[in-house]
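Colleague: Pasting the sequence and the predicted coordinates here, then a few questions.
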Amino acid sequence: MIKKITVVALALLSFGSIRAQKSKTQQLDRPKLVVGLVVDQMRWDYLFRYYEKFGNDGFRRLLSQGYSLNNVLIPYVPTVTAIGHTSIYTGAVPSIHGIAGNDWYDRKTGKNVYCTSDISVQPVGTENKDSGQHSPKNLWSSTITDQLRLATNFQGKVVGVSLKDRASILPAGHNPTAAFWFDDSTGNFITSSYYMNELPKWVKDYNGDKMPEKLVANGWNTLLPIAEYTESSADDVPWENLLGSAQKSVFPYNNLAADYAKKKGIIRTTPFGNTLTLDFAEHALANYQLGADDITDFLAVNLASTDYSGHAFGPNSVEVEDVYLRLDKDLADFFQYLDKKVGQGNYLVFLSADHGGAHSVGFLQANKMMTGYFDEGLKKDLADQLQQKFGSDKLVASVMNYQIYLNDAEIQSKGLQKDAVKQFILDILNQNERILYAVDLQKAAQSSIPEPIKTRIINGYNWQRSGDIQVISHDSMLPSYAKKGTTHSVWNSYDAHIPLIFMGWKIKHGESSQPHFMTDIAPTIAQLLKIENPSGNVGTPINEVIEK
């Protein structure tokens, strides 16, 4: 009898062992870590403009090992930072996710609203309220990072890192493990009470190490001999902004350390802002143990110095080229760190951009290209004509994001019809030779304008937060505030054509020129991770990436 019981017990143990092994082998195969790298203001063509100057382990590694989508476009206007990051991570467009710009005009209060401002929270790590009172409360849709948290019962960790508050907060979603950004008043990484009430010890220690001071200590000179920067214009041109106390926009910038001591934010416009961001991201990875177990984590990193330098100097500057060459080296180091800490093949990386950037007006003029400033004198002329026609020059409340907000209160107080005022403005704008189209945002679908512009206007229109009239300028016409350097915001390829490369876990090598959109990134990641799409997703999974 005892022998029989022993045999049965052994059989049950054996069956249990087999069942446990079977259960283990059936566990979903997912990467240990997803890393989102969004390079601010990176045009797609930069991958190849600087290709011969890149090393083998940064951008070239992405291209040689990863899958590159070469025809990825932004499906809305205006093409600005906050919307770009939000659309990448939500798979949605401004009409749905609610982030209608970096700022927008609030008709109820008559004030501008910053995309992540939140006076209900307190700064953590600084006393500067402008720097620290931020949260994702204005974001209406869930992000792919939110979906990962939900899918793992909040066991998967999510961390956002950027110099910019909006570029850390919006990608990290509504309930991340943490989100950190750079504070110009202290030179430290900070957060808000939305996430935590005190900085972790490791962040305090990192801030205490004064890494920014070390990075700018020797100034900024070109990585290579300046004669080798043959992809860029001459170093000394009149259409570039000055950096700090420099008298001319030329290398070397020897006073960078002294300039940083006076104004911490200057590091943003140098390559060292990217170095700092990736270094802090590595510390976040190590201290939160991202990718250390079988539950997928997500590290959302924005590299913002490419945007600041682009705005300051323009796409054809030696400065911007040097920022990318140094970023290439920083990415190589970062990938090597991921290989060591998480293991090559255990992590999934995607690299993209929130928008591109236009050529500088001065550069285009010097090279006989069509350009100019579409809005020079426009606001005053409009006010004068509105005064003459309707007896008020206050009928326009605000102009931002290439949109005109009408002053509803003033229109009502004058006993005017809003449609009549709007049509009068539209007629004026559509007679302006520098404007391609002026569109009533409520009637964009009925407007006689071609695709894809029409759809991009509709996608970008949020009826609660956008303006009343959308202005589409002629190609290469910039707003007059960009007299030097450059800017972005429009539908054209230089602003709307962005890179997208996936590399690492389960990603085959290859490339495709099939058309895709920025909003396709989130559902592609959702398919790879086998989790639900973000709540407002309108994107489509990219089959070329998913197919094994």
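Modeller: Arrived safely.
Colleague: okay, CA-based contacts and neighbour counts for the rest of this
Modeller: Fine.
Colleague: My read is that residue 85 contacts residue 304, right?
Modeller: No. Assessed by C-alpha atoms under 8 Å, residue 85 is found out of contact with residue 304, at 11.6 Å.
Colleague: quick one: low-confidence ranges for the stretch 1-150 of the chain?
Modeller: For the stretch 1-150 of the chain, the stretches flagged by pLDDT under 70 are 1-25.
Colleague: Strands along that one, start to end?
Modeller: For the stretch 1-150 of the chain, the strands defined by DSSP state E, counting those that start in this stretch cover 33-39, 67-73, 103-106, 111-114, 123-124.
Colleague: can you count the residues close to residue 294?
Modeller: 15 (other C-alpha atoms under 10 Å).
Colleague: Actually, residue 469.
Modeller: By other C-alpha under 10 Å, neighbour count at residue 469 equals 25.
Colleague: My guess is residue 143 contacts residue 171. True?
Modeller: Yes. Residue 143 is within contact range of residue 171, at 6.9 Å (criterion: C-alpha under 8 Å).
Colleague: ok so, going back, what about the strands of the stretch 1-150 of the chain, which gets the closest to residue 398?
Modeller: strand 103-106 (6.9 Å; C-alpha to C-alpha).
Colleague: Determine the set of other helices and strands touching the closest one.
Modeller: strand 111-114 (3 or more C-alpha pairs under 8 Å, 6 or more residues apart in numbering; DSSP states H and E).
Colleague: now the strand it packs on, how far from the chain's geometric center?
Modeller: 20 Å (C-alpha atoms, centre = their mean, to the nearest Å).
Colleague: one step back: need the strands of the stretch 1-150 of the chain in a markdown table (columns: distance to residue 89).
Modeller: Shown next, in a markdown table, are the strands of the stretch 1-150 of the chain (distance: least, C-alpha to C-alpha, whole Å):
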| stretch | distance to residue 89 |
| --- | --- |
| strand 33-39 | 9 |
| strand 67-73 | 15 |
| strand 103-106 | 19 |
| strand 111-114 | 19 |
| strand 123-124 | 25 |
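Colleague: what's the closest of the ones you listed to residue 474?
Modeller: Using C-alpha to C-alpha, these put strand 67-73 closest to residue 474, at 19.0 Å.
Colleague: contact partners of the closest one?
Modeller: The contact list for strand 67-73 (C-alpha atoms under 8 Å, 6 or more residues apart in numbering) reads 44, 493, 496-503, 507-518, 545.
Colleague: Checking the nearest residue to residue 426 once chain neighbours are set aside next. Helix, strand or coil?
Modeller: Spatially, and ignoring its direct neighbours in sequence, residue 426 is nearest to residue 438 (6.0 Å; C-alpha to C-alpha, 6 or more residues apart in numbering). Recorded secondary structure, residue 438: strand (DSSP: H, G, I helix; E, B strand; the rest coil).
Colleague: gap between the residue lying closest to residue 402 once chain neighbours are set aside and residue 435?
Modeller: Nearest non-adjacent residue to residue 402, counting by C-alpha to C-alpha, 6+ apart: residue 471, 5.4 Å away. Taking C-alpha to C-alpha, to the nearest Å as the measure, residue 471 falls 7 Å from residue 435.
Colleague: Which residue of these two possesses the greater neighbour count?
Modeller: Comparing residue 471 with residue 435 by neighbour count (other C-alpha under 10 Å), the higher total belongs to residue 471, at 22 against 17.
Colleague: which stretches of the stretch 151-300 of the chain form helices?
Modeller: 165-172, 201-208, 211-216, 256-262, 272-287 (DSSP state H, counting those that start in this stretch).
Colleague: list the contacts for residue 373?
Modeller: 434, 477, 478, 479, 480.
Colleague: Quick one: neighbours of the nearest residue to the first one once chain neighbours are set aside, just the number.
Modeller: In other words, residue 434. In space, and not counting its chain neighbours, residue 434 is closest to residue 374: 5.1 Å by C-alpha to C-alpha, 6+ apart. Residues near residue 374, counting by other C-alpha under 10 Å, number 22.
Colleague: Make sure residue 456 is indeed in a helix.
Modeller: Yes. Judged by three-state DSSP, residue 456 forms part of a helix.
Colleague: nearest spatial neighbour of it, skipping sequence neighbours?
Modeller: residue 76 (3.8 Å).
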